[in-house]
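Asker: Everything below, folded, please.
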Amino acid sequence: MNKLVLILLLSVSMISVAAISPRTYNALNDLQEALSLAVDNKQYSEIESGIEELLNGLQGNALGQALALQLQAQLKDAQGEPKEALSSLKKAYALKGLDTSTKAQIGTSLAYMYFSQGDYSNAILILESYIKGLKKEPSGTILALTAMSYFGLDDYSTGLPYIEKACEISVKPNESWLVNAFAANYKLNDLKRAIYYTNSLVLNFPEKPEYWLQKTGLHQSLEEYEKAALSSSLSNQQGYLTKESEFFNLGVLMASAGAPYEVAVTLERAIDLSLIESSEKVERLLMQAWVQSKEMPSAIKSLRAIYIKYNIPKDGVLLANYLMDAELWVDALSVTGKLIKAKEALTEKQLGAVLLMSGVSHYRNGSIQTALVDLGKASGLAEFSNQAKSWMNYIKQMQG
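Answerer: The predicted model follows:
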């Protein structure tokens, strides 16, 4: 039995005994109790016979008939016969002589049944009529059901005020209502308003990772990168980031927010704890974060690992450059030597840069003749000719 149908259907125990005869009240109460305990077709059949017998004896008693028909709707719904349940409710709603309160209760039950069967238009007709006839503000449940019915017709602009009002008057935050208020605003491209409801979801249901990721994405869409970075960072601190794409996005956001060191530390920790796989995409982001944060020993370590793993010439050229800047001449020569051996894979520009770096590193390492040989080769390449010749002249002057 659908939970909301149970809530909306009249409970026999709530009806004043004075409104119907004691005999009818007791019969309805007994059938209601039997239905709540029924588990097989035989019991359902016995209850159905009891309801039919009761209905036959209630001709002219609108309230009694309405209660019996609603009970019959519950029975049919429990038996998995929604169309028959709808038919019983329609009969109850059409009865003449019902008081306003009873008519309204039957109407909301019928509206939900229409909604549950995808007949949103009829649900809206009943709900709108019910709301207009009220002398007080409708309940959050009625407002939410009206909104959902409009959403079912893809009419988000008409349904939105209803769901927002439901959220506003709710004493306790209702997750489903907040989600639908967010979704409607998002559908209408009101991202500022959508993020208001996402913030409410994060505040009231912080244990749900999807709302944190949703908040991050909305801030990004609004180009609020610092807020997006903070949201993503908080998600990570709570252990909600589990995918490579989520960590990568966090890295990009934090870098754009001016926090490259935090990017590097976060990514390195995620890799070390096996929270994400050490893919090329992540490894390069990690290396760039170390460079941007001016942590060159860590940057060199990361780039060395990338070069060894993927053997891409441009990585070797960049690594040699970083090693030279760090005055690690022997390490630089190890890289340039490997590159020169595979010079067929280098462009002319890369080869020139490698020969120049090799010559300077050999000189700084005390190998003068080898330095002059490599610099001589570099001088034969137009783009590096002047630099190489300058170094050669400098070395010869220093040698006297």
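
Asker: how about the helices of the stretch 251-400 of the chain, start to end?
Answerer: For the stretch 251-400 of the chain, the helices defined by DSSP state H, counting those that start in this stretch cover 260-272, 280-292, 296-310, 313-325, 329-341, 348-364, 368-379, 385-398.

Asker: tell me the phi and psi of A326?
Answerer: phi -90, psi 0 (degrees, to the nearest 10).

Asker: tell me the pLDDT at the closest residue in space to it that isn't next to it in sequence?
Answerer: Once flanking residues are discounted, A326 sits nearest to M296: 6.2 Å by CB to CB, 6 or more residues apart in numbering. C-beta coordinates here come from the backbone N, C-alpha and C atoms, glycine included. For M296, the pLDDT comes out at 93.

Asker: and what of the one 10 residues further on?
Answerer: Note for I306: predicted pLDDT of 94.

Asker: Same question for the one 4 residues further on.
Answerer: We have a pLDDT of 93 for Y310.

Asker: just wondering, since we're on S21, how far is it from G64?
Answerer: 8 Å (CB to CB, to the nearest Å).

Asker: between these two, who's got more neighbours?
Answerer: Neighbours were counted for S21 and for G64 using other CB atoms under 10 Å; G64 has more, 23 against 13.

Asker: Helix or strand: which one has that one?
Answerer: Using DSSP states H and E, the secondary-structure element containing G64 is helix 62-78.

Asker: I'd like to know how far the residue nearest to A326 sits from S121.
Answerer: Distance from M296 to S121, by CB to CB: 67 Å.

Asker: who has more neighbours, those two?
Answerer: Using other CB under 10 Å as the criterion, M296 and S121 rank with M296 on top: 15 against 11.

Asker: Contacts only, for the more buried one.
Answerer: 290, 322, 325-326 (CB atoms under 8 Å, 6 or more residues apart in numbering).

Asker: Now rank those by neighbours and give me the top one.
Answerer: That'd be W290 among these, by other CB under 10 Å, with 25 neighbours.

Asker: so that residue touches A299, yeah?
Answerer: Yes. In this structure W290 lies within contact range of A299 using CB atoms under 8 Å: 3.7 Å.

Asker: What is the least confident helix or strand in the chain?
Answerer: helix 3-8 (a mean of 40; mean pLDDT, DSSP states H and E).

Asker: Following element in sequence after it, please.
Answerer: Toward the C-terminus from helix 3-8 - assigned by DSSP H and E - lies helix 22-37.

Asker: helices and strands around that following helix, which ones?
Answerer: helix 41-56, helix 62-78 (3 or more CB pairs under 8 Å, 6 or more residues apart in numbering; DSSP states H and E).

Asker: nearest to V335, of those?
Answerer: Nearest of the helices and strands packed on helix 22-37 to V335, taken as CB to CB: helix 62-78 at 74.6 Å.

Asker: what's that closest one packed up against?
Answerer: Looks like helix 62-78 contacts helix 3-8, helix 22-37, helix 41-56, helix 82-94, helix 100-116 (3+ CB pairs under 8 Å, 6+ apart).

Asker: Just say which of those helices is most tucked in.
Answerer: helix 100-116 (a mean of 21; mean count of other CB atoms under 10 Å).

Asker: who does that helix touch, helix- and strand-wise?
Answerer: By 3+ CB pairs under 8 Å, 6+ apart, helix 100-116 packs against helix 3-8, helix 62-78, helix 82-94, helix 120-133, helix 140-152.

Asker: Other residues contacting the last one?
Answerer: In other words, helix 140-152. 4, 7-8, 108, 111-112, 115, 118, 120, 123-124, 127-128, 130-131, 156, 158-160, 162-163, 165-167, 169-170, 174, 176-177, 180, 183-184.

Asker: Using ChimeraX, define a selection of the buried residues within those residues.
Answerer: Here is the ChimeraX command that selects the buried residues among the contacts of helix 140-152 (16 or more other CB atoms under 10 Å):
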select :4,8,108,111,112,115,120,123,124,127,130,156,159,160,162,163,165,166,167,170,174,177,180,183,184
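
Asker: Out of the helices and strands packed on helix 62-78, name the one with the poorest average pLDDT.
Answerer: helix 3-8 (a mean of 40).

Asker: Measure how buried the residue lying closest to I340 once chain neighbours are set aside is and give me the count.
Answerer: Counting by CB to CB, 6+ apart, V354 is the residue found nearest to I340 once chain neighbours are left out, at 6.1 Å. The number of residues packed near V354 is 27, by other CB under 10 Å.

Asker: Check the one 3 residues further on too.
Answerer: Neighbour count of M357, defined by other CB under 10 Å: 22.

Asker: could you list every residue that touches it?
Answerer: For M357, the contact set (CB under 8 Å, 6+ apart) comprises 320-321, 324, 332, 336.

Asker: Would you point out the most distant pair within those?
Answerer: N321 and T336, at 10.0 Å, using CB to CB across the contacts of M357.

Asker: The two: which has the busier surroundings?
Answerer: T336 (28 against 17).

Asker: so how far is D40 from the more buried one?
Answerer: For T336, the distance to D40 - CB to CB - is 84 Å.

Asker: What pLDDT does the model give Y186?
Answerer: At Y186, pLDDT is 91.

Asker: Near the residue lying closest to it once chain neighbours are set aside, how many other residues are there?
Answerer: Once flanking residues are discounted, Y186 sits nearest to A194: 4.5 Å by CB to CB, 6+ apart. By other CB under 10 Å, the residues close to A194 number 22.
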